[in-house]
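> okay, sequence plus prediction incoming.
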Amino acid sequence: MSLLIYAESAEGKFKKVAFELASYAKKVAESLGTTVTAVTVNISDVSELAKYGVDKVLKVNNDKLAGFTAKAYADVIKQAAQKEGAKVILLSSTTDSIYLSPLVAVALEAGFASNVVGLPVSTSPFQVKRNAFSNKAFNITEISTDVKVLGLAKNSYGIFESAGAGTEEDFNPTIGDNDFGVKVDSVEKVSGKVSIADADIVVSGGRGLKGPENWGLIEDLASVLGAATACSKPVSDLGWRPHGEHVGQTGKPVATNLYIAVGISGAIQHIAGINSSKVKVVINSDPEAPFFKVADYGIVGDAFEIVPQLTEKLKAF
Ligand code: FAD
């Protein structure tokens with residue numbers, strides 16, 4: 001038996017989460033006394049995975065899988081798991097994989113735990129720690145089925161180099177025609193040079209920015225930091241920014257290394273979506289703004305004065 005990961009990719013390249021998942025899998029595999037196999041879809045050069053501990057790569061190349069289709073991808077992962085006799089299957093908690101993971105679990109009659117953080121608390125019984133209540137608490141979940149599917153919370157573990165054997169094998173799973181009920185044909189990027197999903201740093205603006213004409217402030221700071229830009233819900237509701245940038249409970253979840261909130265009050269629904277970020281910096285003119293309660297660093301003051309100064313200082317580095 002081996003441990004199987006699905007190494008996510010887009011446009012022919014691995015996503016950063018694939019390396020985090022491989023790093024995590026290596027440690028879990030060590031505790032189970034097994035090896036790490038990865039299944040990849042339509043990636044020609046998979047050699048990078050070996051740097052993060054992957055011992056074997058099952059390479060699937062199939063034009064039918066050019067667009068993401070949860071059912072077809074779930075079928076691929078199921079067949080890879082069965083071929084390898086994998087008892088633990090790991091996916092990342094990304095937008096794609098939150099659709100994919102439950103389908104994989106159903107197909108394999110496996111128990112499933114999403115939003116897993118940290119290494120398993122125990123391997124016998126098999127228990128994992130998970131984010132709960134919009135990341136305000138943890139719970140310990142026991143999976144008692146023979147086959148287990150886990151979704152690793154993004155940016156919860158980190159990326160660590162550790163050599164794996166990295167052997168490669170072409171794999172041709174059967175893909176049925178009724179696997180394609182719903183298919184993503186194309187992905188149109190609506191804004192931002194860096195995607196929120198892959199960003200290490202996010203600079204986010206709220207209604208305190210007063211209007212879309214002031215967004216240069218956020219973009220300049222983001223550009224100096226190589227960060228993605230984001231916003232609060234009212235900002236996207238007002239049409240100041242595209243909906244794809246809205247973060248929070250009803251928007252995109254953000255789990256970055258650094259989250260900078262400018263002119264955002266810190267409503268519970270906003271915090272719920274960004275709480276897993278490691279360092280939170282808040283810039284707000286109101287010292288009583290609720291966001292300061294969860295901030296690691298806070299600056300009380302006018303964003304229109306502070307942000308340009310911060311950007312200029314950072315340019316000097
Ligand atoms: P405001 O509440 O108007 O806050 C603006 C802040 O800017 C204030 O704190 C103010 O002090 C500060 N400010 C003003 N001028 C300046 C200045 N010159 N310099 C610095 N600071 C300044 N919200 C989300 O963001 N994401 C969600 O996913 C989400 N989901 C929701 C789901 C539900 C069911 C509901 C009911 C609400 C949801 N909301 C969500 C909305 C949420 O409750 C808040 O209304 C929203 O987050 C407030 O946005 P804001 O902080 O940008 O605006």
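Great, that's in hand. Since the structure is predicted, the reported quantities are computational estimates derived from the model, not experimental observations.
> contacts, neighbours, all on C-alpha from now
Noted.
> and stretch 273-292 with the ligand, contact?
Yes: using Cα under 6 Å from any ligand atom, stretch 273-292 reaches the ligand at 283-286, 289.
> skipping adjacent residues, who's closest to V41 in space?
Spatial nearest neighbour of V41, excluding adjacent residues (Cα to Cα, 6 or more residues apart in numbering): V60 at 4.9 Å.
> distance of the one you found relative to V300?
52 Å (Cα to Cα, to the nearest Å).
> and E48, by the same measure?
Distance from E48 to V300, by Cα to Cα: 44 Å.
> can I get stretch 266-286 as PDB, trimmed to CA atoms?
Written as PDB, here are the backbone C-alpha positions of stretch 266-286 (Å, rounded to 0.1, in the frame of the first residue of the first chain):
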ATOM      1  CA  GLY A 266     -13.300  43.500  10.700                       C
ATOM      2  CA  ALA A 267     -16.800  42.200  10.700                       C
ATOM      3  CA  ILE A 268     -17.100  38.600  11.800                       C
ATOM      4  CA  GLN A 269     -18.000  37.400   8.300                       C
ATOM      5  CA  HIS A 270     -14.800  39.000   6.900                       C
ATOM      6  CA  ILE A 271     -12.600  37.600   9.700                       C
ATOM      7  CA  ALA A 272     -14.100  34.100   9.200                       C
ATOM      8  CA  GLY A 273     -12.500  33.900   5.700                       C
ATOM      9  CA  ILE A 274      -9.100  35.300   6.500                       C
ATOM     10  CA  ASN A 275      -8.500  34.000  10.000                       C
ATOM     11  CA  SER A 276      -6.100  31.200   8.900                       C
ATOM     12  CA  SER A 277      -3.600  33.800   7.600                       C
ATOM     13  CA  LYS A 278      -0.400  33.700   9.700                       C
ATOM     14  CA  VAL A 279       0.300  37.400  10.200                       C
ATOM     15  CA  LYS A 280      -2.500  40.000  10.000                       C
ATOM     16  CA  VAL A 281      -1.700  43.700   9.600                       C
ATOM     17  CA  VAL A 282      -4.600  46.100  10.000                       C
ATOM     18  CA  ILE A 283      -4.600  49.800   8.900                       C
ATOM     19  CA  ASN A 284      -7.700  51.600  10.100                       C
ATOM     20  CA  SER A 285      -8.500  55.200  11.300                       C
ATOM     21  CA  ASP A 286     -10.800  54.000  14.000                       C
END
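> which element is F68 on?
Assessed by DSSP states H and E, F68 sits outside every helix and strand.
> tell me, how many residues neighbour it?
Each residue near F68 was counted by other Cα atoms under 10 Å, and the total is 20.
> kindly report the same for G33.
Applying other Cα under 10 Å, we find 11 residues neighbouring G33.
> residue contacts, A222?
Counting by Cα atoms under 8 Å, 6 or more residues apart in numbering, A222 touches 202-203, 228-229.
> how near is it to D200?
Counting by Cα to Cα, the gap from A222 to D200 is 11 Å.
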